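1. Sequence first, predicted coordinates after that:
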There are 2 protein chains.
Amino acid sequence: MNIENTKAQMKKGVLEFCILSILSKTEHYPSEIIEKMKEAKLIVVEGTLYPLLTRLKNDGLLSYRWEESTSGPPRKYYKLTPVGEQFLKELNITWNELVEAVNKTTQN
Amino acid sequence: MNIENTKAQMKKGVLEFCILSILSKTEHYPSEIIEKMKEAKLIVVEGTLYPLLTRLKNDGLLSYRWEESTSGPPRKYYKLTPVGEQFLKELNITWNELVEAVNKTTQN
DNA sequence: TTTAGTACCATGTGATACAAGGTACTAATT
DNA sequence: AATTAGTACCTTGTATCACATGGTACTAAA
């Protein structure tokens, strides 16, 4: 039992939410998402992100388009679908409820 | 893919934290913990809680004492050990960092 | 032609919440 | 006295998901 493990578990629950949030502003390809997450102090690795994006796409929350790159292989630019937008709205509510719930247990 | 699943994932990460928080105020036996969690809108079931408490005890974060009950079988009252107190302090920091990290990705 | 950098992807493992079912004790009902 | 209801503890099997690891393929520079 170490703090890192628990930390990882906490992060696990919000990854999906954060990634959808990032993609709601504007489209991104995976490396950009990893960079954005890193800026927010949420380290994600490729082996986590790629399957997650594929899952979200298969579930109709994301779509993507290929774009050629001048500095390497083509990139997959992901963005939210209308269904994804709606899902994200609900996740926002869920997140706020969770924060409040945790506050309740940690206070009083 | 449904919202409930994602909700469950979010909750998963904070269960340990919430339970330790609840036990930091005063000792409780499992049914009381379930009740406290329910009040905070965090539904936990026995099959989740018992193994978790056992794990936390085996890791030295919790201790317990038996107490006879006049209305059924004896109860296991759990409380935090000094190590558990320290661990909880760190989890508090971790949680606050996570909330801030999520805010970063959802804003700007 | 080789090397470095970038980008996409798949497989196996570990952690953990939950569903479902089981044992055992007390108290009230029949 | 026997049965039922309520309470409390516990175990096993399953599904989900992040991560470690390793692989393929494209471009550009050495």
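-> Everything's here; your move. Everything quoted here is computed from the prediction, not taken from an experiment. Numbering: from 1, shown residues only, chains lettered A, B, ... in the order given.
2. Next one: the residue nearest in space to the middle of chain A from A:Pro51, what distance?
-> In chain A, the centroid-proximal residue (C-alpha atoms, centre = their mean) is A:Ile19; its distance is 1.8 Å. With distances taken as C-beta to C-beta, to the nearest Å, A:Ile19 is found 12 Å from A:Pro51. For glycine as for every other residue, the C-beta is placed from the backbone atoms N, C-alpha and C.
3. A:Tyr29 too?
-> A:Tyr29 is 16 Å from A:Pro51, by C-beta to C-beta.
4. higher neighbour count, these two?
-> A direct count of neighbours by other C-beta atoms under 10 Å in any protein chain shown for A:Tyr29 and A:Pro51 places A:Tyr29 higher, at 18 against 10.
5. Regarding A:Pro73, what is its secondary structure?
-> strand (DSSP: H, G, I helix; E, B strand; the rest coil).
6. A:Tyr64: neighbouring residues, count only.
-> Per other C-beta under 10 Å, the neighbour tally for A:Tyr64 reads 18.
7. how big is the angle separating the longest helix anywhere in chain A from helix B:82-106?
-> Longest helix in chain A by number of residues (criterion: DSSP state H): helix A:82-106. Using axes from the mean of the first three to the mean of the last three C-alpha atoms, to 10 degrees, the direction of helix A:82-106 lies 150 degrees away from that of helix B:82-106.
8. Is any residue of helix A:82-106 near DNA strand C?
-> No. On the criterion C-beta under 7 Å from any atom of the strand, helix A:82-106 is out of touch with DNA strand C, staying 12.3 Å away.
9. before we move on, what about stretch A:58-76?
-> Yes. Against DNA strand C, stretch A:58-76 shows contacts by C-beta under 7 Å from any atom of the strand at A:69, A:71-76.
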